[in-house]
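Participant: Next input, structure requested:
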Amino acid sequence: IGLKPAGPTPSQSRFQVDLVAEAGGDACGSDKTPGSDCSPLASGDKATPNVDKTAEQVGVEDAKGRFRVVNFADASAASSPDAAPAESVQNGDTVMSEGSLHSSTGGQQHYCYDTHTNTYYLRTFGHNTIDAVPNIDFYRQTAAPLGEKLIRPTLSELHDEVDKEPFEDGFANGDELTPAEEAAAKEAAESKGVVKFGWVKGVLVRCMLNIWGVMLFIRMTWIVGQAGVVCSCAIVAMATVVTSITGCSTSAIATNGFVRGGGAYYLISRSLGPEFGGSIGLIFAFANAVAVAMYVVGFAETVVELLEVAGATMFDQVNDIRIVGTITVIILLGISVAGMEWEAKAQIFLLVILICAIFNYFIGTFIFIESKEKYGFFSYDAGILLENLAPDFRGETFFSVFAIFFPAATGILAGANISGDLADPQMAIPKGTLLAILITGLVYMGVAISAGSCIVRDATGVVINSTMTDDFKCNGAACKYGYDFSSCKPVNGSQSSSCKYGLHNDFQVMSVVSGFGPLITAGIFSATLSSALASLVSAPKVFQALCKDNIYPGIAGFAKGYGKNNEPLRGYLLTFAIALAFILIAELNVIAPIISNFFLASYALINFSVFHASLANSPGWRPSFKYYNMWVSLAGAVLCCVVMFVINWWAALLTNVIVLSLYIYVSYKKPGKILYGSHPQGSKMLCHSETLCHRMPVALHVPQCLVMTGAPNSRPALLNLVHAFTKNVGLMVCGHVRICSRRPNFKELNSDMLRYQRWLLNNKSKSFYSPVVAEDLRQGTQYLLQAVGLGRLRPNTLVLGFKNDWRSADMKDTETYINLIHDAFDFQYGAVILRLREGLDISHIQGQDDTSAMKDVVVSIDMSKDSDGDSSKPSSKTANKTSPTAPLNVDDQKLLEASRQFQKEQGKGTVDVWWLFDDGGLTLLIPYLLTNKKKWKDCKIRVFIGGKINRIDHDRRSMATLLSKFRIDFSDITVLGDISTKPKAESLTDFAQMIEPYRLHEDDMEQEVADQLKADEPWRITDNEIELYKAKSNRQIRLNELLKENSSSATLIVMSMPLARKGAVSSALYMAWLDTLSKDLPPILLVRGNHQSVLTFYS
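Facilitator: Numbers count the residues shown, from 1 in each chain. Alright, predicted model coming up:
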């Protein structure tokens, strides 16, 4: 193959890229070829080859938009040992000089400029290629705050012929951003230096402050008086169970990808879709806004009571509440507008006061003071505990008391609501939320038990009780202390008591018990103000996220943020207005249960989200938080709904009506351009035509496979393996090319279609059979690649069986086989090749499927039994039939056993993933889907990657970070630092003998003869080609040696398929690479995605 003359051309310059060198890359190699000019490139510097400057500038400009490198880090950042490698900008397999293959500088990377192709090169495993290694930056949606975004080379840039222009739109690899992602990118780019909170300050503190509301100080003791210690603990336990289940569900959703701002709205909308998210988001934001008024009014009532005691009332009680409440909410608004950092400091201050008040109460329970006995406090006493164990409901029931307590537990989303302000939401939300539920639950339990152990239910407040005489029999627990409080207890079934003190009668009894009474009042202030402040911050944050998605018309203005933290100032003002309106009403007894129901509706949908995602089994559902169960989440959703009706049945009905109305509106209007992968989309994808018309979100991407099986029952191993990772999650189509040069027999074709589709159903294979009639195999496959499927419901991956007989078959068939792979890449398909030692095709063994009720006569195959696995050709005569009972020869017996190996349990083996090049993640997604299936669940994933000897630990940590971001479990990561080592001599000899029959040997013949032979037999390998791709050939040989060393006992090997540039690498050489790479190994899948991201760490 002749090389192009020096100097850039429009078609060549598309492979020219702007490089940013890794520190230390100061040489191109120890040797220089006469045809190349190698020079070191400093970070950020451009090479200055001896070519026309104008032409070079044109080439560089032409490269922009094709090889997109966004926001590269500078050299100083890359120079540290832990810096991420800049291995993504490497050139194609066009020119290679052996002298520049092996570097004497270890891990340093070098850039070479070749005058033949006017292209810069960067090493990968000692070999020139722009085929990038796996890198976390390829999977980012935004340039900040997590890191720099890189764009991997497109499939066209790697595969297309040199004289063919790649996609002009700059987005051939499908990485264009949606409007929501563009907004997030803009927001991220403007958010340098933002204040982010950890799990303590951001989640734990907020949740505890919200859960420890005013209920802790003024209602918990009353609940103990009504329900008794046992039932009070049961009430706390029931509420804790509901919140714990919801907390686990929230943690699962929060760890299923990167979480942006929006709290409950973001979690629900990205799981159940914008219909549920939009309806819940609106009422959740409204509920938080009204909750501000509730907490402020609670604070104002306490202040007004203190003013009345001091005789300092301003007007009447209602107007005083309005005045104090208005002043309070204005102060809280000022704190919120000042920024999240000031708000967080205020929360810490309030938490300290609250914790001091709680300790003050518990310390007071151990201090026996005689003056407090008249109020019913006698410190810890077994008699009092026994008396208070049983319930004593007075005008209440168990569920009515539960309804009064449960709103105290509705603060568990306080941390999640500011998810956009958390440094690491995936770690902070689960850790902070669940720990807050545990701590607050224990404190509520402790208060219930301690109050029931040292305070009687009724007390007169009188020091000496005149009714205590020798003739009167005292029955109460206080009798032994000389007190008889029976005079004021309800009698004859009365529900009212004349006692003013005790658990039943005094809401401020904790102040009596505590060591320092005013500190309890300070605790009440702290609880109310902290809850109000948290709600005042949560409502605008949730509403801002809702407005950004443009769910409802007319609210887009509230999406605007201000300052480095993107503060929703307009949302703060709206929340302030709503809260102020309800404060001025000063009558919240009706709206309070509605707010609790709004919160419960959110909790129910969060639990249902987890259940639905687990049930749908979407590939995008991979939460790193494992302590959840789909059925427990469903039970949590049901419990939330039950509690809604227990608290207030009409409020529950009203809540459901509002949610349903908003859901119907969003479903009908479908405003805004929202594109994110909700799990209902994944489950409805197969049946809704509207869903088929839109681009598949990365979170829902699954391999949709066109499997060239020929007759479906002719290659069961290929069928079973692909079915294992597509069942219930993706599409599988069995392609069958019927070779026919004359008019086809349509009656026979239709009959076969029905027969084979029925065979698939009988064998429980969830796949479709798609035959096509064509003049040759390649033409028929092209028909299938173009025509099969509809919208999203169309294949994106071509699956072939390996052509085991290529060395003995007609090379025209091998040329056709390789062209099928090239055609798949041209149509932007991924490609997967399965190879078994024994082969795949069992169609020559008649009666091999005794379990089939069909007893089908399989169409005979023109190719031999170990052929490519792509199609069957109907013969003009019927194949010789072998009796099902006839004994098989040894080879056929092994073949039949191998064909059934994927039908059985795989046991405790390993799936070895050799992820050498970043193809978008398909090489990693397929083994993940496999190991999620029942038959493969005991197999562990081992990951092998290429690396550098002097930074193996860094490369291992980088890959572990990437896998954890993808939430993919693995048992081991092996970094191969010796990929570029020269293969063994015997391996080189075997490869040379393999390709010898297919070489052209043009140097030994006349030029005209060589040209004619190459034209007649294009699959032949030229001497120039062998020298040009010597390094890549050696790499395939070396990789096979490493595979035998590391994965000879694996259940399945999944490996990155090497690419060959179309028109530059002959079919025989490419076939030799595939053969050499995969020979003498356990079952191996060679995988190459279409370089569109199929994995994401975003939800």
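Participant: What separation do you get for G262 and V337?
Facilitator: Here G262 is placed at a distance of 20 Å from V337 (Cβ to Cβ, to the nearest Å). All C-beta spots, glycine's among them, are computed from the backbone N, C-alpha and C.
Participant: of these two, who's got more company?
Facilitator: More neighbours sit around G262 than around the other of G262 and V337, counting by other Cβ atoms under 10 Å; the figures are 27 against 17.
Participant: Setting the sequence-adjacent residues aside, check what's closest to that one.
Facilitator: Spatially, and ignoring its direct neighbours in sequence, G262 is nearest to A545 (2.8 Å; Cβ to Cβ, 6 or more residues apart in numbering).
Participant: what number of residues lie near the nearest residue to P425 once chain neighbours are set aside?
Facilitator: Spatially, and ignoring its direct neighbours in sequence, P425 is nearest to V259 (4.0 Å; Cβ to Cβ, 6+ apart). Residues lying near V259 (other Cβ under 10 Å) number 24.
Participant: Give the full set of residues in contact with V259.
Facilitator: With contacts defined as Cβ atoms under 8 Å, 6 or more residues apart in numbering, V259 is in contact with Y266, L267, S419, L422, P425, Q426, I429, S1099.
Participant: What mean pLDDT does the top helix by length along the chain get?
Facilitator: Using DSSP state H to assign secondary structure, the helix with the most residues in the chain is helix 274-310. On average, the pLDDT along helix 274-310 is 82.
Participant: tell me what that helix is packed against?
Facilitator: On a contact count with 3 or more Cβ pairs under 8 Å, 6 or more residues apart in numbering; DSSP states H and E, helix 274-310 meets helix 263-272, helix 317-337, helix 517-548, helix 569-585, helix 591-616, helix 649-669.
Participant: related to what we said a few turns ago, want to throw the contacts of V259 into TSV with distance to S661, pLDDT and secondary structure?
Facilitator: Written out in TSV, the entries for these read as follows (distance: Cβ to Cβ, whole Å; pLDDT from 0 to 100; DSSP: H, G, I helix; E, B strand; the rest coil):
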residue	distance to S661	pLDDT	secondary structure
Y266	22	78	helix
L267	22	74	helix
S419	27	77	helix
L422	32	82	strand
P425	31	81	helix
Q426	34	80	helix
I429	30	88	helix
S1099	27	54	coil
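Participant: Tell me the most packed of those residues, by neighbour count.
Facilitator: Neighbour counts for the contacts of V259 (other Cβ under 10 Å) peak at L267, which has 31 neighbours.
Participant: That one reaches S251, doesn't it?
Facilitator: No: taking Cβ atoms under 8 Å as the definition, L267 is not a contact partner of S251, at 10.2 Å.
Participant: tell me which residues in the helix or strand containing L438 are buried?
Facilitator: When secondary structure is defined by DSSP states H and E, L438 falls within helix 425-454. Going by neighbour count (16 or more other Cβ atoms under 10 Å), the buried part of helix 425-454 is 425-437, 440-441, 443-445, 447-454.
Participant: Tell me where the stretch 751-900 of the chain has helices.
Facilitator: With DSSP state H, counting those that start in this stretch, the ranges of helices along the stretch 751-900 of the chain come out as 777-787, 811-826, 890-899.
Participant: angle of the first one against helix 811-826?
Facilitator: Right, the one you point to is helix 777-787. 10 degrees (axes from the mean of the first three to the mean of the last three Cα atoms, to 10 degrees).
Participant: Ok, the last one next?
Facilitator: Compare the direction of helix 890-899 with that of helix 811-826 by the same axes, to 10 degrees and you get 10 degrees.
Participant: Return the distance of helix 890-899 from the chain's centre.
Facilitator: For helix 890-899, the distance between its averaged C-alpha position and the chain's averaged C-alpha position is 41 Å (Cα atoms, centre = their mean, to the nearest Å).
Participant: Helix or strand next in line after that helix, which one?
Facilitator: Sequence-wise, the next helix or strand downstream of helix 890-899 (DSSP H and E) is strand 910-914.
Participant: same for that next one, what does it pack against?
Facilitator: In terms of contact count using 3+ Cβ pairs under 8 Å, 6+ apart, strand 910-914 is assigned the packing partners helix 922-931, strand 940-946, helix 1030-1046, strand 1052-1056.
Participant: if we go to 10 Å?
Facilitator: When contacts are defined as 3 or more Cβ pairs under 10 Å, 6 or more residues apart in numbering; DSSP states H and E, strand 910-914 sits against helix 922-931, strand 940-946, strand 972-976, helix 1030-1046, strand 1052-1056, strand 1084-1088.
Participant: Format the ones you listed as a markdown table; extra columns: distance to E373.
Facilitator: Formatted as a markdown table, the entries for the helices and strands packed on strand 910-914 read as follows, by distance: least, Cβ to Cβ, whole Å:
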| stretch | distance to E373 |
| --- | --- |
| helix 922-931 | 67 |
| strand 940-946 | 67 |
| strand 972-976 | 68 |
| helix 1030-1046 | 78 |
| strand 1052-1056 | 76 |
| strand 1084-1088 | 79 |
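Participant: Which stretch among the ones you listed approaches K747 most closely?
Facilitator: When these are compared for distance to K747 using Cβ to Cβ, the nearest one is strand 1084-1088, at 37.9 Å.
Participant: Direction included, what does that closest one pair up with?
Facilitator: Each strand pairing with strand 1084-1088, determined using DSSP bridges, is listed with its direction: strand 830-835 (antiparallel), strand 1052-1056 (parallel).
Participant: Please state the offset of that strand from the chain centre?
Facilitator: 24 Å.
Participant: now the angle from it to helix 922-931?
Facilitator: Orientation note: strand 1084-1088 sits at an angle of 130 degrees relative to helix 922-931 (the same axes, to 10 degrees).
Participant: So that it lines up with my notes, have the first residue be 409 from now on.
Facilitator: Let's use 409 as the start, then, which means that last one is strand 1492-1496.
Participant: For strand 1492-1496, what does the pLDDT average out to?
Facilitator: For strand 1492-1496, the mean per-residue pLDDT is 93.
Participant: and the angle for that strand with helix 1438-1454?
Facilitator: Taking the same axes, to 10 degrees, strand 1492-1496 and helix 1438-1454 form an angle of 140 degrees between their directions.
Participant: Retrieve the pLDDT associated with A481.
Facilitator: The per-residue pLDDT reported for A481 equals 34.
Participant: let me redo that: I1269
Facilitator: With respect to pLDDT, I1269 has a value of 34.
Participant: again with F1154
Facilitator: Taken from the predicted model, the pLDDT recorded for F1154 is 80.
Participant: Ramachandran angles for it?
Facilitator: phi -70, psi -30 (degrees, to the nearest 10).
Participant: give me the number of residues near it?
Facilitator: Other residues lying near F1154 total 9 when counted by other Cβ under 10 Å.
Participant: unless I'm mixing things up, the residue nearest to G670 is touching G671, no?
Facilitator: Yes: checked against Cβ atoms under 10 Å, the pair A953 and G671 is within contact range at 7.4 Å.
Participant: between those two, what contacts are shared?
Facilitator: Between them, A953 and G671 have G689, A693, N825, S827, G828 as joint contacts when contacts are counted by Cβ atoms under 10 Å, 6 or more residues apart in numbering.
Participant: Backbone dihedrals for D1377, please?
Facilitator: phi -80, psi 140.
Participant: Quick check: closest non-adjacent residue to it.
Facilitator: Nearest residue to D1377 in three dimensions, chain neighbours excluded: I1349, at 6.8 Å (Cβ to Cβ, 6+ apart).
Participant: Surely E804 is in a helix?
Facilitator: No: assessed with DSSP: H, G, I helix; E, B strand; the rest coil, E804 is coil; it does not lie in a helix.
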